[in-house]
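Asks: Predicted model follows, preceded by the sequence.
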Amino acid sequence: MNPTTTRDARLALLVGEIVAAHRSHRGALLPILHALQERMGYVPAEAIPLLADELNLSRADVHGVVTFYHDFRSEPAGRTTVKVCRAEACQSVGAGRLVAHLRDRHGVALGETTDDGSLTAEQVFCLGNCALGPAAQVNGRLHGRLDEARLSALLDAEAVR
Amino acid sequence: MTGPITDPVTVYVPRDSAATSVGADEVAEALMRAAEAAGQRINVVRNGSRGMLWLEPLVEVVTPLGRVGYGPVRPEDVDGLVAGGMLDGAEHPLRVGVVDELAWLTSQNRFTFTRVGITDPLSPEDYVAHGGLAGLRRALQMSPADVVSEVTDSGLRGRGGAGFPAGIKWKTVGACVDELKFVCCNADEGDSGTFADRMVMEGDPFMLIEGMTIAAHAVGASEGYIYIRSEYPAAVATMRTAIDIARGQGWLGDDVLGSGLRFDLHVRVGGGAYICGEETSMLESLEGKRGMVRAKPPIPAIQGLFGRPTVVNNVLTLTSVPKILADGAQAYQQLGVERSRGTQLFQLGGNIRHGGLVELAFGVTLGELVDGYGGGTRSGRPVRAVQVGGPLGAYVPTADFHLPMDYEAFAAAGAMLGHGGIVVFDDTVDMAAQARFAMEFCAAESCGKCTPCRVGSVRGVEVIDRITAGEHREENLALLEDLCDVMTEGSLCAMGGLTPMPVRSALTHFADDFTAREPNAQTTSAHRGAGTEGMR
């Protein structure tokens, strides 16, 4: 087998395994996509026909769901992902300064990944930490009362982990 | 170590996400190390948050006086605190006193948040010892119709924002004949400035399970779903663990508390789409589809999840139910004003000194919340605007601080109470930028089904940009008014229908901010773009 077929076969195996684990659940496409992204870090385009086939849906249906939700990525993220809250409560205490700092100091705008693949920056609208803003999630962990220095310290710490 | 070995001292360190976002986990670890080094045995309980979020991490030590609080505690403060006698409740600059005696808490009507911050959220023994299950046990002895009547008589209205009477919704579902009905909890708490759903799911998850089980009994449902946003990983984990524990205790399953009721619950995680907080969009998402809003009718109570009769209620609606059933409708109905009965969970956020959760009967004024409980801004500058009810709520000027917090009073003032979120801005805020953001947010989060919302929001951003650039100002202001009319009247759901509310309130109360800005001109007031620097 050439490397591509091996990769395809592995993906088919993984999709089959995840779908089987959710088979008894009603309307399970979202949990399945979450599980796939958790395992792979993203939802590859090649998974869409496989999912459609397994779930008896059209490719358009699956593609439509994958692209509707902000959470699902079509390609892998950087080694560290920072999600900065840009909703009103965090705006009122300087979320904009964190966004500017990411751009100026870390060279990454929201929605982008650095060229070296080290950092992905994203916006999020509310992390439920509205009394202790500005808030951000770094690799899934919530941080509050952030300022530019603390954000940089967190990102630098993740980079050497 | 030389210290005397005494009975373990119980120390509470919150596990709430707000507390852990500012170091509660590290504080708990430091406490265990420091206590061991001092030869003092301690028993660390990870409780929910009391809601005094500016004090987080708030460490509480059980003493003969009561639970003595210290906060906000940083990990590096711990050694000094322990050495200074914190484990005996000793004086210290961070000591706030006996927490249960603090006026900020004692002046509230903690009707539903009775256990949050007090108990171990995942201890079924704690839950029962603090009044848990009393409502469910009473409900199971009543007929479903009587449970619905009790909820109707309480005056409980949906806490998600729309304020629809809960009892009427339940009655509709109960009257439908179907072998399969659902209870769905909308925990897609996406409004900026709201965090009460998260706090209760992380701090008292069994209360939500109990409320949903009572709803299931009342309407004849056998399956329940809790739709939690993916931005709340800790709430997801806590709810899932609590459901497993509840099954083990016989609180869920084929024979709930030996009553013969069959009801089981599942957690589903959203996909980062704000629109899925709209109930029909949430149902689509639960069915595994794009979160596109459905046209109503049919209403979800009759044709909801997978076309079956479905109760859809917010977390705070469902968590009000156990206490209503335990104490009777009358106790709840006595609180509040006019047609807003009971308590509301007010959430103080944004630029505020004492942010957190305040549960009070409806009718408290906005000013009492912002200036009284909130203590004004965190920055120390004057308050300029307060956004009430999330990103689709109005910006209220301080001149309206006398407004009582009730659904109708706010509606009459062109604002909305919504989910009870209050976001404070100081005088550096640029209200034209906030109006623009409201449109930008709608453009980013619209499901795209209806044109006024999908296209109107994009045009809204453009027209506000033209106004602030000074291009044909009067004509563009008229165009913006017209656009707001179309969105309000023509949108399928509240997303497009209410986006004009923050925009119009900004225009009405802060018209000066919409004057043209010369790129090189000196700014004349403090509020020029500081708040949204770097956002464009």
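Replies: Looks like it came in fine.
Asks: What are the boundaries of the helices in chain A?
Replies: A:3-22, A:29-40, A:47-55, A:59-68, A:88-91, A:95-106, A:148-159 (DSSP state H).
Asks: Redo these as a markdown table? Include distance to chain B.
Replies: Yep, even glycine has a C-beta here, placed from its N, CA and C like the rest. Converted to a markdown table, these look like this (distance: least, Cβ to the nearest Cβ, whole Å):
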| stretch | distance to chain B |
| --- | --- |
| helix A:3-22 | 10 |
| helix A:29-40 | 3 |
| helix A:47-55 | 8 |
| helix A:59-68 | 4 |
| helix A:88-91 | 4 |
| helix A:95-106 | 3 |
| helix A:148-159 | 10 |
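Asks: what distance separates the start and the end of stretch B:385-401?
Replies: 10 Å (Cα to Cα, to the nearest Å).
Asks: can you tell me which residues contact the residue nearest to residue B:356 when sequence neighbours are not counted?
Replies: Leaving aside its sequence neighbours, residue B:356 sits nearest to residue B:53 (Cβ to Cβ, 6 or more residues apart in numbering or on different chains; 4.0 Å). Contacts were defined as Cβ atoms under 8 Å, 6 or more residues apart in numbering or on different chains; by that measure residue B:53 touches A:131, A:132, B:18, B:355, B:356, B:357.
Asks: domain ranges for chain B?
Replies: Following automatic domain parsing, one gets these domains for chain B: B:9-106, B:124-333, B:336-426, B:431-514.
Asks: so what's the residue most central in space within chain B up against?
Replies: In chain B, the residue lying closest to the centroid (Cα atoms, centre = their mean) is residue B:196, at 2.9 Å. By Cβ under 8 Å, 6+ apart, the contact set of residue B:196 is B:189, B:315, B:316, B:345, B:347, B:357, B:419, B:420.
Asks: so which of those are also by chain A?
Replies: Subset of these in contact with chain A: B:189, B:347, counting by Cβ under 8 Å from any Cβ of the partner chain.
Asks: So which of the contacts of residue B:196 are in helices?
Replies: B:315, B:316.
Asks: Pick out whichever of the contacts of residue B:196 sits closest to residue B:246.
Replies: For the contacts of residue B:196, the closest approach to residue B:246 (Cβ to Cβ) belongs to residue B:315, at 16.1 Å.
Asks: Now find how far off-centre the worst-scoring helix or strand of chain A on mean pLDDT is within its chain.
Replies: Lowest mean confidence among the helices and strands of chain A (mean pLDDT, DSSP states H and E): helix A:3-22, at a mean of 92. Relative to its parent chain, helix A:3-22 has a centroid offset of 21 Å by Cα atoms, centre = their mean, to the nearest Å.
Asks: Can you dump the C-alpha atoms of that helix in PDB for me?
Replies: The C-alpha trace of helix A:3-22 is given here as PDB (Å, rounded to 0.1, in the frame of the first residue of the first chain):
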ATOM      1  CA  PRO A   3       1.300   6.000   2.100                       C
ATOM      2  CA  THR A   4      -1.900   7.800   0.900                       C
ATOM      3  CA  THR A   5      -4.000   4.600   1.000                       C
ATOM      4  CA  THR A   6      -2.600   3.800   4.500                       C
ATOM      5  CA  ARG A   7      -3.600   7.200   5.700                       C
ATOM      6  CA  ASP A   8      -7.100   6.900   4.100                       C
ATOM      7  CA  ALA A   9      -7.500   3.500   5.600                       C
ATOM      8  CA  ARG A  10      -6.500   4.800   9.100                       C
ATOM      9  CA  LEU A  11      -9.000   7.600   8.800                       C
ATOM     10  CA  ALA A  12     -11.800   5.200   7.700                       C
ATOM     11  CA  LEU A  13     -11.000   3.100  10.700                       C
ATOM     12  CA  LEU A  14     -11.100   6.000  13.100                       C
ATOM     13  CA  VAL A  15     -14.300   7.400  11.600                       C
ATOM     14  CA  GLY A  16     -15.900   3.900  11.800                       C
ATOM     15  CA  GLU A  17     -14.800   3.500  15.400                       C
ATOM     16  CA  ILE A  18     -16.200   6.900  16.500                       C
ATOM     17  CA  VAL A  19     -19.500   6.500  14.700                       C
ATOM     18  CA  ALA A  20     -19.900   3.000  16.200                       C
ATOM     19  CA  ALA A  21     -19.500   4.600  19.700                       C
ATOM     20  CA  HIS A  22     -22.300   7.100  19.000                       C
END
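Asks: would you turn the contacts of residue B:53 into JSON lines with pLDDT, neighbour count and distance to residue A:79?
Replies: Below are these laid out as JSON lines (pLDDT from 0 to 100; neighbours: other Cβ atoms under 10 Å in any protein chain shown; distance: Cβ to Cβ, whole Å):
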{"residue": "A:131", "pLDDT": "98", "neighbour count": "31", "distance to residue A:79": "31"}
{"residue": "A:132", "pLDDT": "98", "neighbour count": "29", "distance to residue A:79": "27"}
{"residue": "B:18", "pLDDT": "98", "neighbour count": "30", "distance to residue A:79": "27"}
{"residue": "B:355", "pLDDT": "98", "neighbour count": "33", "distance to residue A:79": "33"}
{"residue": "B:356", "pLDDT": "98", "neighbour count": "27", "distance to residue A:79": "35"}
{"residue": "B:357", "pLDDT": "98", "neighbour count": "28", "distance to residue A:79": "36"}
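Asks: Which two among these are spaced furthest apart?
Replies: A:132 and B:357 (12.4 Å).
Asks: how's chain A carved up into domains?
Replies: As assigned by automatic domain parsing, chain A contains the domains A:3-68, A:80-159.
Asks: for those domains, which one ends up most surrounded?
Replies: domain A:80-159 (a mean of 21; mean count of other Cβ atoms under 10 Å in any protein chain shown).
Asks: from the chain's centre, how far out does that domain sit?
Replies: Domain A:80-159 sits 14 Å away from the centroid of its parent chain (Cα atoms, centre = their mean).
Asks: where does the chain have low pLDDT?
Replies: Using chain A here. A:1 (pLDDT under 70).
Asks: looking at chain B here, not the other one
Replies: For chain B, the ranges with pLDDT under 70 are B:1-6, B:516-536.
Asks: Which strands or helices does the strand ranked longest in it pack on?
Replies: The single longest strand within chain B, with elements called by DSSP state E, is strand B:343-350. For strand B:343-350, the helices and strands in contact under the criterion 3 or more Cβ pairs under 8 Å, 6 or more residues apart in numbering or on different chains; DSSP states H and E are helix A:88-91, strand B:356-361, strand B:421-426.
Asks: just the angle between the second one and strand B:421-426, please?
Replies: The one in question is strand B:356-361. 120 degrees (axes from the mean of the first three to the mean of the last three Cα atoms, to 10 degrees).
Asks: Counting by contacts, list what strand B:356-361 packs against.
Replies: Against strand B:356-361 (3+ Cβ pairs under 8 Å, 6+ apart) you get strand B:343-350.
Asks: now the angle from the strand it packs on to strand B:421-426?
Replies: Using the same axes, to 10 degrees: strand B:343-350 against strand B:421-426 is 30 degrees.
Asks: Name every strand pairing with strand B:343-350 and say which way it goes.
Replies: Each strand paired with strand B:343-350, and its direction, by DSSP bridges: strand B:356-361 (antiparallel), strand B:421-426 (parallel).
Asks: which of the contacts of residue B:53 lies closest to residue B:243?
Replies: When the contacts of residue B:53 are compared for distance to residue B:243 (Cβ to Cβ), residue B:18 wins out at 22.9 Å.
Asks: The closest residue to the residue nearest to the centre of chain B other than its chain neighbours - how many residues pack around it?
Replies: Spatially, and ignoring its direct neighbours in sequence, residue B:196 is nearest to residue B:345 (4.0 Å; Cβ to Cβ, 6+ apart). As a burial measure, residue B:345 scores 27 neighbours (other Cβ atoms under 10 Å in any protein chain shown).
Asks: and residue B:82, backbone torsions?
Replies: Residue B:82 adopts backbone torsions of phi -70, psi -40, taken as degrees, to the nearest 10.
Asks: Correct me if wrong: it contacts residue B:32.
Replies: No. Assessed by Cβ atoms under 8 Å, residue B:82 is found out of contact with residue B:32, at 10.4 Å.
Asks: Among those two, which residue is more densely surrounded?
Replies: residue B:82 (21 against 15).
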